[in-house]
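> Mind folding the following:
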Amino acid sequence: MGRRVRLEGGENRVREVRERQGLSQAELARRAGLSRQALSAIEAGRYLPNVAVALRLAQALSCWVEDLFPAPPAAQILEAEWPLPVRRGQPATRRVGLARVGERLVAWPLQEAWGLQAPADGFVVEGGRPGRVRVALRIPPAILERTLLIGGCNPALALLAAHLRERFPEYRLRWIPMNSQAALQALARGELHIAGTHLADPVRGMDNLPAIRRILAGRPVAVVTLARWVEGVMVPAGNPGRIHHLQDLARPGLRVLLRESGAGSQRILAWRLRREGLPPSALPALRWRARDHLEVAAALTARLADAGPGVLPVARIFGLGFLPLAESRYDLVIPEAFFWTPAVEALLEVLSSRRFREELEAIGGFDPRPAGTLVARLSPSTS
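Below is the predicted model of the structure:
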């Protein structure tokens, strides 16, 4: 008879036409040669009839098939900015998350594992001008105005997005995984609403502010803490490589998985290695670099590496061993232009809530007490 599907957006008008003609469900089913249960399923949108059944229904109701099953409206096509390099003239994926950042519509590709966390807002239909793509929109356009884009490496950002959706369903937070330096650079280019960062300056004993001032070059921003955490070296469960001290990482035969230079945990590791008189070249490092904490943890869990920089909460989640090196603060950097918007105010309310703090504490490895604390307001006069 057809396929069991849920029809979208009111395409099925069988009930409407039947009732307008004064026919009962049983009478129309008899005329079309269907069971009453089958007709009920069609009208309810649980079944999509095949062509033969659709023609019989149209004949029984003296109308066109298009009157009963009109084609869905064409998707709205929008041109959006594409923040990543495009190779060979085509994006790496057609699925994108969309949001309006100020006056700009930005399309972030939903790629790798994190791209499966939420449905796409649209599909790339063709490339546009350089640095832009044309996107077939799959959501109501009004949602684009109520979506926040946040870049960073902290997995708790996904948790923050879920808490925002639960408490304030009219707003969305899309987490785009990237290292701390990349997040600040994307914020400086106007491709995000918020950047998460943990770029500590251990020499001066300062968390994040020097890097924020340098990369954002005097742009007025507010800096709000998400949590404190411990950074260090993650190792597989049971520590089969017997890594108990930083010097052990230089032991021949080990496989050390490093991060990009812009990652906060990689910077901490490099700083501690210099203090120990160990150049990074002394480590038996793998050739490939991990893009985030979760990739390091997954490689260690699969025994594809013996050690890698990371943070205590991720080590706890994956059941890994951990060698602590330093404690740092993970901050959210919010441009002043967005700080007082209703969406950001809702986000900060969730961030400061007792429920969110309790969940961070339950994960382990986080110190959630400073969550929601305004650390600084930076402007050209304070930079």
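> what residues go with each domain of the protein?
For the chain, automatic domain parsing gives the domain ranges 2-68, 74-139, 142-383.
> Deepest-packed of those domains, please.
domain 142-383 (a mean of 19; mean count of other Cβ atoms under 10 Å). From N, CA and C alone the C-beta is placed, and that goes for glycine too.
> show me the residues around Asp367 that make contact.
Applying Cβ atoms under 8 Å, 6 or more residues apart in numbering to Asp367 gives the contacts 227-229.
> And for Gln59?
Ala32.
> mind running it again at 10 Å?
31-32, 65 (Cβ atoms under 10 Å, 6 or more residues apart in numbering).
> mind listing the helices in the protein by residue range?
14-20, 25-32, 36-43, 51-60, 65-68, 156-167, 180-188, 209-216, 264-275, 293-301, 312-318, 336-339, 342-351, 354-363 (DSSP state H).
> got the contact list for the second one?
The list of residues contacting helix 25-32 from outside it, by Cβ under 10 Å, 6+ apart, reads 14-15, 17-19, 21, 23-24, 34-40, 42-43, 49, 53-61.
> on that earlier part again, looking at the helices of the chain, which is closest to Arg146?
helix 342-351 (6.0 Å; Cβ to Cβ).
> quick one: Arg46 and Leu39, what's the gap?
11 Å (Cβ to Cβ, to the nearest Å).
> Apologies, that question was intended for Leu28.
For Leu28, the distance to Leu39 - Cβ to Cβ - is 6 Å.
> what touches both of those two?
Joint contacts of Leu28 and Leu39 (Cβ under 10 Å, 6+ apart) are 14-15, 18, 57.
> Which of the residues you listed sits closest to Ala107?
Val14 (37.5 Å).
> rewinding a little: including mean pLDDT, could the domains of the chain go into a markdown table?
Formatted as a markdown table, the domains of the chain follow (pLDDT from 0 to 100):
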| stretch | mean pLDDT |
| --- | --- |
| domain 2-68 | 82 |
| domain 74-139 | 81 |
| domain 142-383 | 92 |
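> My read is that Phe338 contacts Val224, right?
No: the pair Phe338 / Val224 is not scored as a contact, 11.8 Å apart, by Cβ atoms under 10 Å.
> can you list the residues that contact stretch 351-365?
155-156, 159-160, 162-164, 166-167, 224-230, 311-317, 322, 332, 349-350, 366-373.
> Kindly recompute the last result at 7 Å.
156, 159-160, 163, 226-227, 229-230, 311-313, 315-317, 350, 366, 368, 371-372 (Cβ atoms under 7 Å, 6 or more residues apart in numbering).
> Can you show me the CA trace of that stretch as CSV?
Output of stretch 351-365 as CSV, limited to C-alpha atoms (Å, rounded to 0.1, in the frame of the first residue of the first chain):
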residue,chain,number,x,y,z
LEU,A,351,25.8,28.7,33.6
SER,A,352,25.3,30.1,37.1
SER,A,353,22.5,27.7,38.1
ARG,A,354,22.9,25.2,40.9
ARG,A,355,21.8,22.4,38.6
PHE,A,356,24.5,23.0,36.0
ARG,A,357,27.2,23.3,38.7
GLU,A,358,26.0,20.1,40.4
GLU,A,359,26.3,18.2,37.1
LEU,A,360,29.8,19.5,36.5
GLU,A,361,30.8,18.4,40.0
ALA,A,362,29.2,14.9,39.4
ILE,A,363,31.4,14.4,36.3
GLY,A,364,34.5,14.8,38.3
GLY,A,365,37.6,16.8,37.5
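> Next up, the contacts around the nearest residue in space to Val135 that is not next to it in sequence.
Spatial nearest neighbour of Val135, excluding adjacent residues (Cβ to Cβ, 6 or more residues apart in numbering): Gly122 at 4.1 Å. For Gly122, the contact set (Cβ under 7 Å, 6+ apart) comprises 96, 98, 135-138.
> If we use 10 Å, what do you get?
Per Cβ under 10 Å, 6+ apart, neighbours of Gly122: 75-78, 80, 94-98, 107, 133-139, 144.
> Now do the contacts for Leu199.
Leu199 sits in contact with 179-181, 183-184, 206-212, 214-215, 262-264, 267-268, 328, 331, where contact means Cβ under 10 Å, 6+ apart.
> Excluding covalently adjacent residues, which one is nearest to it?
Closest to Leu199 by Cβ to Cβ, 6+ apart is Ala211, at 3.8 Å.
> End to end on stretch 280-287, go ahead and measure it.
In stretch 280-287, first residue to last residue: 13 Å (Cα to Cα, to the nearest Å).
> so Leu283 touches Gly253, yeah?
No: in this structure Leu283 lies outside contact range of Gly253 using Cβ under 10 Å: 11.9 Å.
> Give the bridge partners for the residue nearest the centre of the chain, please.
For the chain, the residue nearest the mean C-alpha position is Trp175 (2.9 Å; Cα atoms, centre = their mean). Beta bridges link Trp175 to Ile150 when assigned by DSSP bridges.
> For Ala41, see how far away it is.
In terms of Cβ to Cβ, Trp175 sits 39 Å off from Ala41.
> follow-up on the earlier one: quick one: which two of the shared contacts of Leu28 and Leu39 are the most distant?
Spanning the widest gap among these are Arg15 and Leu57, at 11.2 Å by Cβ to Cβ.
> shared neighbours, these two?
Common neighbours of Arg15 and Leu57 (criterion: Cβ under 10 Å, 6+ apart): 28, 39, 42, 68.
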